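Novice: predicted coordinates and the sequence they were generated for:
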Amino acid sequence: MSALRYLAGMAFAENARNLFPVSQLRKSDHDSWAWCSQSCEPVFGLRLKYPLSRGWYMLETCLSGTMAMVNSTFYFDFGDGFVEKDTVKLKGRSGKTLKRLVYFERKPKAVRLAPLNARADFNVDSLRIIPVSAQFAHSRMLKRISQKNLVRDAATPEQVKSRLEQDAGHIGIGFDELLRETYKDTFDEVSYERWIRKYEVPLFSDRAAQQNEIDSFQSKPCISLIMPVYNTDERLLRDAIDSVQRQSYTDWQLCIADDASTAEHVRPILEEFARQDGRISVTFSDTNKNIAMASNDALALARGDFIAFLDHDDLLPGHALFAMVKAVNANPDGQIFYSDEDKIDLDGNRADPYFKPDWNQDLFYSYNYICHFTMLRRELLEQSGGFRKGFDGSQDYDLLLRATKTAGFKNIVHVPHILYHWRAIEGSTALASAEKSYTTSAGIKALEDHFESLDGGAVSVEMGGQPNTYRIRFPLPETPPLVSLLIPTRNMLEVLQSCVESIINITAYKNYEIIILDNQSDEEETLRWLDFIQQHPKIRVLKYDKPFNYSAINNFGARHAKGEILALVNNDIDVLNPEWLGEMVSQAIRPDIGCVGAKLFYPDRTIQHAGVVLGIGGVAGHIFKGINEREGGYFSRALLTQNYSAVTAACLLIRKDIFEKTGGLDEENFRVAFNDVDFCLRVKELGYRNLWTPYAQLIHHESKSRGYEDTPEKKKRFLSEVARMKLRWSADLAHDPAYSPNLTLADETSRIKS
């Protein structure tokens, strides 16, 4: 289809004039904007000028407004109403034309548009639904897939087509179907079923190859699986035990403790399995002791080198023990091994894969992300003392807190494969964490006990934003340390003044100084204000009379800082919550913590920064960028304190002694971009953990004073800094321990990789 025919198709396209408000929309009070979204879920209807038919269409939208990012969703009613499965999403910057091809199997009866996921004033500058030919659609899809590097060994549209034709033949589906799936993956969450087919099946389907590998293992430990049982559904109990018997690695022992089940079928089933398989050991209790004590009864049967845990209604894939023992051989000093997990329903459908990070101590304090499938060395478990009474519902969390402490938070190995299927049935925490509210209280008790054993209990623990998540409040000393807030600036008085006033008027933590680093301001109004504001007892103004170099300016400020803590703060930051600085200081003074980052929002209250992930876009990116402030992101991580390899310097705290140990920011190689990522990685090299907290919240008017990388000179400098990052940190960029290799690096969405 030629460009001329594409333009001709626009004559039959729907447009923005045919939109009408359905919900949570009103006329804007501002002359510049037509609409105001009254919530995070505004909806337009679209009056169809022409009936939409079966076939290919190009969706085009352009929205501009007070929001930084646009997250739009088209809803199509094919006769079943507006349902989630019939949606198409478009995401990008405000003011940018966003395009996406879509194929209608049936004629849509009605169309709606959810323009934003934020409160904002905005215009719909354009909207088109343009009919296109299959040839045009195929060519554009192949081009986009090649640009996104989603197909291995395929850098051009022609190579993508050839590779997809081969792959379609291997997996037994049509080329057109695979092309559409792959194109969809460049925008949306990758189908988990497709991920299984593409990555898991080729890796684990060959049992003969697994046996050959097992034969070559230097270490072949016996694995004792602990399974407490109580009134389990007959089918689910049989399925759980069958899943152990189907393991390709056969040196295992299944230790079952029945906790005085009243269901008549339980005992005969367990006795039957024990008679048939000598690797299955069973004990029966006369009284109900609850899960922790029943687990100890099962532990008493164990004779293995490692102890693993299986709930009585869950499943192990056939390669689970093979993958774990392979990890043991690759990590002979490993003490604790944990894997990824997913959920499975009664029909065997798998969903909600949890692709976890490597050991992340502060995420573990925020919730038990290790959970399933977990395996410990027998000696470690014995030293840790087994399960304890009084922690039912979080007995595994309590045990792991003690075990990680005993192991010294070292030799904890993540096995990045799905090795556990958590049964999603009514009453299970797999289905909804609120199903068992007592588990949160038990988790708080376990954490309180853990911290009391570490430092005498000065730490306080409370429930986080969701059930089974936790907020740890670390104490401040009686005399809190002085914090030096370093704010580089040049002119832009309105931005700077808002920043400084928000710090002074909102911040609850009072022991700070503000050092404004004036980088050649020449506007008279700004200079007058700088003269005036330094009369404030907490504020100093220092002149930095050299060309802009973010790293050098902050190093200059650090040399003049009086505080024990340095805070790098952009001049386009506004404080939101009073406790932001106290929270960040309480984290920064922990002996093992390096850089501390904050939760930053765009002015429309979508997320600008919730941690930096290495490898996104080739170097690094802000994870969860653009999601709504109320959203949790992937497994609620946007709501939880945790460790990241890096955090943004737009608002970053660090102890001055650590800053000086690293030599500060690299002002030679990273004058503008990536200086914060490079700095965080050098801090990490010294043995400190970098940390992000969601409890320090600020607005970031990103690049408002400096602008974007949009001139030839800026682009050249930016590309040179990209090259230096890749040269210096290539190994780190290849795998970020705070992020799963099974998640995408194509963008900041944390979706499954394609």
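Specialist: Ah, there it is.
Novice: let me see the domain layout of this protein.
Specialist: According to automatic domain parsing, the chain comprises the domains 3-132, 145-188, 207-453, 483-734.
Novice: possible to save the ones you listed as a markdown table with distance to residue 744?
Specialist: Every residue, glycine included, has its C-beta placed from N, CA and C. A markdown table is the format used below for the domains of the chain (distance: least, CB to CB, whole Å):
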| stretch | distance to residue 744 |
| --- | --- |
| domain 3-132 | 13 |
| domain 145-188 | 9 |
| domain 207-453 | 10 |
| domain 483-734 | 8 |
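Novice: looking at these, spot the one closest to residue 740.
Specialist: Nearest to residue 740, of all the domains of the chain, is domain 207-453, at 3.6 Å by CB to CB.
Novice: for the record, mean pLDDT for stretch 730-746?
Specialist: For stretch 730-746, the mean pLDDT works out to 94.
Novice: give the buried residues for it.
Specialist: The neighbour-count check on stretch 730-746 (16 or more other CB atoms under 10 Å) flags 732-733, 736-740, 742-746 as buried.
Novice: of all these, which comes closest to residue 130?
Specialist: The closest of the buried residues of stretch 730-746, once distances to residue 130 are taken by CB to CB, is residue 746, at 25.6 Å.
Novice: now the closest one: how far from residue 140?
Specialist: Residue 746 is 18 Å from residue 140, where distance means CB to CB, to the nearest Å.
Novice: lowest average pLDDT across the domains of the chain?
Specialist: domain 145-188 (a mean of 81).
Novice: mind checking how far it is from the chain centre?
Specialist: Distance of domain 145-188 from its chain centroid, counting by CA atoms, centre = their mean, to the nearest Å, is 26 Å.
Novice: beta partners for the residue lying closest to residue 109 once chain neighbours are set aside?
Specialist: Sequence neighbours aside, residue 77 is the residue nearest to residue 109 in space, at 5.0 Å (criterion: CB to CB, 6 or more residues apart in numbering). Residue 77 has these beta-bridge partners by DSSP bridges: residue 110.
Novice: how about the strands in the stretch 301-450 of the chain?
Specialist: With DSSP state E, counting those that start in this stretch as the criterion, the stretch 301-450 of the chain has strands at 306-309, 336-344, 350-354, 374-377, 412-423.
Novice: could you dump those to JSON lines with distance to residue 324?
Specialist: Below are the strands of the stretch 301-450 of the chain laid out as JSON lines (distance: least, CB to CB, whole Å):
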{"stretch": "strand 306-309", "distance to residue 324": "7"}
{"stretch": "strand 336-344", "distance to residue 324": "6"}
{"stretch": "strand 350-354", "distance to residue 324": "17"}
{"stretch": "strand 374-377", "distance to residue 324": "5"}
{"stretch": "strand 412-423", "distance to residue 324": "6"}
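Novice: export those as TSV, with columns for distance to residue 698 and mean neighbour count.
Specialist: Output for the strands of the stretch 301-450 of the chain, formatted as TSV (distance: least, CB to CB, whole Å; neighbours: other CB atoms under 10 Å):
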stretch	distance to residue 698	mean neighbour count
strand 306-309	41	24
strand 336-344	33	23
strand 350-354	30	16
strand 374-377	37	24
strand 412-423	32	22
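Novice: out of those strands, which is closest to residue 45?
Specialist: So among the strands of the stretch 301-450 of the chain, strand 350-354 is nearest, using CB to CB, at 31.6 Å.
Novice: just want the angle from the closest one to strand 412-423.
Specialist: If you take axes from the mean of the first three to the mean of the last three CA atoms, to 10 degrees, strand 350-354 sits at 160 degrees to strand 412-423.
Novice: how far does strand 350-354 sit from the chain's center?
Specialist: Here strand 350-354 shows a centroid-to-chain-centroid distance of 15 Å under the convention CA atoms, centre = their mean.
Novice: next: stretch 52-67.
Specialist: Offset of stretch 52-67 from its chain centre (CA atoms, centre = their mean): 28 Å.
Novice: if you count neighbours, what's buried in stretch 130-150?
Specialist: Buried-residue list, stretch 130-150, by 16+ other CB under 10 Å: 130-132, 136-138, 140-142, 144-146, 148, 150.
Novice: which SS state does residue 61 fall under?
Specialist: Under DSSP: H, G, I helix; E, B strand; the rest coil, residue 61 falls in the strand class.
Novice: quick one, what contacts it?
Specialist: By CB atoms under 8 Å, 6 or more residues apart in numbering, the residues touching residue 61 are 70, 72, 90, 97-98, 113, 115, 124, 126-128.
Novice: so which of those is the closest to residue 560?
Specialist: For the contacts of residue 61, the closest approach to residue 560 (CB to CB) belongs to residue 70, at 41.9 Å.
Novice: can you report how many residues neighbour that closest one?
Specialist: Neighbours of residue 70 under the rule other CB atoms under 10 Å: 26.
Novice: tell me the secondary structure for it?
Specialist: The three-state label given to residue 70 by three-state DSSP is strand.
Novice: distance of residue 322 relative to residue 30?
Specialist: From residue 322 to residue 30 the distance is 62 Å (CB to CB).
Novice: so which of the two has more stuff around it?
Specialist: Using other CB under 10 Å as the criterion, residue 322 and residue 30 rank with residue 322 on top: 22 against 11.
Novice: contact partners for the residue lying closest to that one once chain neighbours are set aside?
Specialist: By the measure of CB to CB, 6+ apart, the closest residue to residue 322 outside its immediate chain neighbours is residue 249, 4.3 Å from it. Counting by CB under 8 Å, 6+ apart, residue 249 touches 210, 214, 223, 321-322, 324-325.
Novice: let's see it at 7 Å
Specialist: Residue 249 makes contact with 214, 321-322, 325, according to CB atoms under 7 Å, 6 or more residues apart in numbering.
Novice: show me which pair in those residues is furthest apart.
Specialist: With CB to CB as the measure, no two of the contacts of residue 249 lie farther apart than 214 and 321, at 9.7 Å.
Novice: more crowded one of these two?
Specialist: Taking other CB under 10 Å, residue 214 and residue 321 do not tie; residue 321 has more neighbours (26 against 18).
Novice: which of the buried residues of stretch 730-746 sits closest to residue 280?
Specialist: Closest to residue 280, out of all of the buried residues of stretch 730-746 and judged by CB to CB, is residue 742, at 32.7 Å.
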